[in-house]
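1. Predicted coordinates and the sequence they were generated for:
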Amino acid sequence: MSTSRPQKNVLRSAALLAAITIGTTSAQAQNFDFTITPGNSFSHVTGPYDADIDTTVRGNYDALLNPGGTRTINGFAGGTLTSNEDVPVGVNINGNMDYHSVPTGALTVNIDTNALTFDMTCLNVDLYTPGSSIGTQNLLMQLFAFRTFAPSSTYLPLGPVPMTVGDADIVRFNIIQSGPTLQDSMIQQGAPNQYRFSSRVPVTVYLDITVQGSPVPLGVIPIGPFESILPLEGDFFVNGATATMDVDIQSQSHNQNTINASNLISATDLPFAAPTILPTGLTANLLLSASLGAHTFDLLFDANWEADGVPSTGHAFSTYCTPDPNSTGSMGELAISGSLHVSQKDILLSASNLPPGHIGYFLMSQSSESNYLPAPSQGLMCIGISTPIIRINTAPYVSWIGGSGEASFILPFDNLPDFAGLPTIILPGSTWNFQMWYRDTNPHTTSNTTNAARAQFCN
């Protein structure tokens with residue numbers, strides 16, 4: 001079957017037009033990494049909250065280490081010469097939060113201006129502003145009858161007694177995206193490069209406070225973490241390779257919780273000097289432990305964030321630290337690739353320039369430092385010793401370095417080694433540092449390390 005010249009020209013033109021259209025469409029999908037501009041942004045949190053602090057005290061007596069210490073016994077009678085019991089203390093903190101902050105943080109957005117779709121990931125905002133208070137707090141305190149020995153004293157039941165204590169200060173306030181966005185929409189505004197968007201973003205909120213002037217030293221009180229949905233709406237302005245974003249947020253967050261988990265302990269065996277009651281004038285040396293109990297809050301979050309965007313690098317990987325050469329004459333080199341999304345569980349660590357015929361394994365830590373390993377090692381430890389170093393050195397994760405001098409490793413998100421009996425979990429918003437340790441002969445039996453790689457993970 002033959003085709004005439006005019007028909008061929010029509011077909012050629014149609015194919016060219018389709019190619020241009022396809023190319024134009026794909027070009028409209030852009031990824032931007034946005035950074036919040038603190039000077040043009042604000043956040044404001046208001047609303048009441050109420051928290052029970054499950055508190056106990058006991059004497060600092062220890063049969064071996066402190067046999068002359070204070071002992072505590074519940075009630076007016078009973079106990080033995082070696083009794084040292086936990087005595088409950090009722091503590092409730094309540095007040096109205098009024099917290100202004102200057103936010104910092106970042107997020108990544110994929111925008112398709114042809115399909116009018118967008119996808120937001122890696123939202124990580126720090127709302128902590130040093131020196132900002134959430135206002136004066138009220139405290140209810142209740143004592144139950146107990147006795148102490150060394151010194152001997154009786155404490156009568158008391159309360160609940162209301163009192164006003166000092167300001168509560170926020171010491172941590174983070175909002176970190178915990179999952180894919182919900183109910184996204186995007187429309188074009190009057191200007192060619194201006195778009196209006198709205199989205200609901202699942203987030204985890206981390207909020208820790210301290211209370212000044214409390215008669216009971218409560219330490220840091222964790223009000224979170226808790227899950228919430230953050231409704232965002234605002235405008236995109238796409239200017240070629242760059243973009244700006246203006247985000248408005250107004251969210252009512254209500255939480256009622258009865259958790260009393262061990263990971264929320266704010267104080268354990270904290271020394272507490274208590275004046276005696278009957279008789280007065282002495283001091284009982286007590287140890288205080290406290291954890292967050294039932295708590296409720298009803299907070300209004302009002303914010304406006306302005307952010308500048310640049311073309312996304314697709315990752316937030318970086319390498320750092322210069323190791324010493326090994327027996328090959330080269331420095332062991334570590335590279336990291338994959339997805340920073342925790343949900344993807346896709347991180348590849350690749351090491352090269354290694355001495356063949358030796359073993360090695362990978363290390364990870366949440367801090368970075370620079371310390372030489374003790375002799376006879378020739379390695380430079382580039383990950384931190386101020387936070388736990390996780391050694392991934394169990395089968396099948398130990399690497400045999402073959403003739404190519406290379407070793408690769410897929411990070412086992414669900415099977416990372418425990419540290420001190422606690423699981424190692426990579427959370428959205430966390431930063432981890434990685435390095436490889438390996439054996440060598442240079443010229444004597446020794447060990448060495450690669451450079452280090454850093455990854456900041458998101459949802």
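-> Good, I have the coordinates.
2. check contacts around the closest residue to S447 other than its chain neighbours.
-> Leaving aside its sequence neighbours, S447 sits nearest to S377 (CB to CB, 6 or more residues apart in numbering; 4.6 Å). Quick note: C-beta positions are derived from backbone N, CA and C, even for glycine. Shown in contact with S377 (CB atoms under 8 Å, 6 or more residues apart in numbering): T446, S447, N448.
3. where does the stretch 351-459 of the chain have low pLDDT?
-> 459 (pLDDT under 70).
4. where do the strands sit along it?
-> For the stretch 351-459 of the chain, the strands defined by DSSP state E, counting those that start in this stretch cover 359-365, 368-372, 380-383, 390-392, 399-400, 407-410, 431-441, 445-456.
5. now do the stretch 101-250 of the chain
-> Using DSSP E, counting those that start in this stretch, strands in the stretch 101-250 of the chain cover 104-112, 117-126, 133-143, 146-149, 153-155, 158-177, 182-188, 194-211, 221-222, 226-239, 242-257.
6. between the second one and strand 182-188, how big is the angle?
-> Right, strand 117-126. Interaxial angle, strand 117-126 versus strand 182-188 (axes from the mean of the first three to the mean of the last three CA atoms, to 10 degrees): 120 degrees.
7. helices or strands next to strand 117-126 in the packing?
-> strand 104-112, strand 158-177, strand 182-188, strand 194-211, strand 226-239 (3 or more CB pairs under 8 Å, 6 or more residues apart in numbering; DSSP states H and E).
8. Residues contacting the last one, please?
-> Translated: strand 226-239. 30, 109, 111, 113, 118, 120, 123, 175, 178, 182, 186, 189, 191, 193-205, 243-251, 253, 255, 257, 301.
9. Give the burial count for the closest residue to T449 other than its chain neighbours, as a bare number.
-> Distances taken as CB to CB, 6+ apart put G379 closest to T449, at 3.7 Å, once the chain neighbours are dropped. Neighbourhood size, G379 [other CB atoms under 10 Å]: 23.
10. so G379 makes contact with L363?
-> No. If you go by CB atoms under 8 Å, G379 and L363 don't touch, sitting 10.4 Å apart.
11. Mutual contacts of the two, please.
-> By CB under 8 Å, 6+ apart, the residues touching both G379 and L363 are W437.
12. which residues does T56 contact?
-> D86, V87, P88, V89, L288, S289, A290.
13. which secondary structure element contains the fifth one?
-> Just to be clear, that refers to L288. strand 283-311 (DSSP states H and E).
14. quick one: buried residues of that strand?
-> For strand 283-311, burial by neighbour count (16 or more other CB atoms under 10 Å) applies to 284-293, 295, 297, 299, 301, 303-307, 309.
15. How about stretch 220-237?
-> For stretch 220-237, by 16+ other CB under 10 Å, it's I221, P222, I223, G224, P225, F226, S228, L230, P231, L232, G234, F236.
16. mind giving me the domain ranges of this protein?
-> 29-311, 317-456 (automatic domain parsing).
17. Determine which of the ones you listed shows the lowest mean per-residue pLDDT.
-> Mean pLDDT values for these show the minimum at domain 29-311, a mean of 84.
18. For stretch 59-68, output the C-alpha coordinates as PDB.
-> Taking C-alpha atoms only, stretch 59-68 is exported to PDB below (Å, rounded to 0.1, in the frame of the first residue of the first chain):
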ATOM      1  CA  GLY A  59      14.000   7.500  99.500                       C
ATOM      2  CA  ASN A  60      17.500   7.400  98.200                       C
ATOM      3  CA  TYR A  61      18.200   4.400 100.400                       C
ATOM      4  CA  ASP A  62      20.200   1.500  98.900                       C
ATOM      5  CA  ALA A  63      21.200  -1.500 101.000                       C
ATOM      6  CA  LEU A  64      24.600  -1.700  99.400                       C
ATOM      7  CA  LEU A  65      25.400   1.800  98.000                       C
ATOM      8  CA  ASN A  66      23.600   4.100 100.400                       C
ATOM      9  CA  PRO A  67      22.500   2.200 103.600                       C
ATOM     10  CA  GLY A  68      22.200   5.500 105.600                       C
END
